[in-house]
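# Please work out how this folds:
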Amino acid sequence: MAQDFEGSGAQITNSATTLLTANSDDAVVGIRLANVTASAVTVSVFIDDNGSGTLRYIVKDLALPAASSVELVQGGSKIVLNSGDVLKGQSNTASSVDVWLSRVDAIST
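Numbers count the residues shown, from 1 in each chain. Okay, the predicted model is just below:
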């Protein structure tokens, strides 16, 4: 069975922003964060475990210099999300970080 690769973009703000709600077993294969402001910001990306409010951080309070970017998942790595898990991001500054998320929807068995 062929894999279903998908991509989506969002802007992270100063409140928790939902990037993806897993509706099946999904694999995140890329997360690129870009600071779109002229000042440094801090950013966190985390998984709300099955939407329960239990947070599992991928990165917490990462300093991201002005006009720079970072790739959080790279080199063939994957982050597997179970159905109901919610991937979120939050910055210390409103409308400051663009994110591009690459994923495999519904991992084949």
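# give me the low-pLDDT residue ranges for the protein?
Low-confidence segments of the chain, defined by pLDDT under 70: 1-2, 106-109.
# now the strands: where do they sit in it?
Taking DSSP state E as the test, the strands found in the chain are 4-12, 17-21, 26-35, 41-48, 55-64, 69-71, 79-81, 86-91, 97-105.
# Same list, these, but as a markdown table with mean neighbour count please.
Heads up, the C-betas are built off the backbone N, CA and C, glycines and all. Output for these, formatted as a markdown table (neighbours: other Cβ atoms under 10 Å):
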| stretch | mean neighbour count |
| --- | --- |
| strand 4-12 | 14 |
| strand 17-21 | 17 |
| strand 26-35 | 20 |
| strand 41-48 | 20 |
| strand 55-64 | 14 |
| strand 69-71 | 15 |
| strand 79-81 | 18 |
| strand 86-91 | 21 |
| strand 97-105 | 19 |
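# Near residue 67, how many other residues are there?
As a burial measure, residue 67 scores 12 neighbours (other Cβ atoms under 10 Å).
# need the contact list for residue 90.
12-17, 43-44, 46 (Cβ atoms under 8 Å, 6 or more residues apart in numbering).
# Contact partners for the residue lying closest to residue 35 once chain neighbours are set aside?
Of all residues not flanking residue 35 in the chain, residue 64 sits nearest, at 4.5 Å (Cβ to Cβ, 6 or more residues apart in numbering). Counting by Cβ under 8 Å, 6+ apart, residue 64 makes contact with 33, 35, 40-43, 70, 97.
# Could you report the distance from residue 64 to residue 76?
Between residue 64 and residue 76 the computed distance is 24 Å (Cβ to Cβ, to the nearest Å).
# Pick out whichever of the contacts of residue 64 sits closest to residue 81.
Residue 81 has its nearest neighbour among those in residue 33, at 17.7 Å by Cβ to Cβ.
# who touches the closest one in this structure?
Applying Cβ under 8 Å, 6+ apart, we find residue 33 in contact with 12, 43, 45, 62, 64, 69-70, 72, 89, 97-99.
# what's the answer for residue 43, then?
Per Cβ under 8 Å, 6+ apart, neighbours of residue 43: 12, 33, 35, 59, 61-62, 64, 89-92, 96-97.
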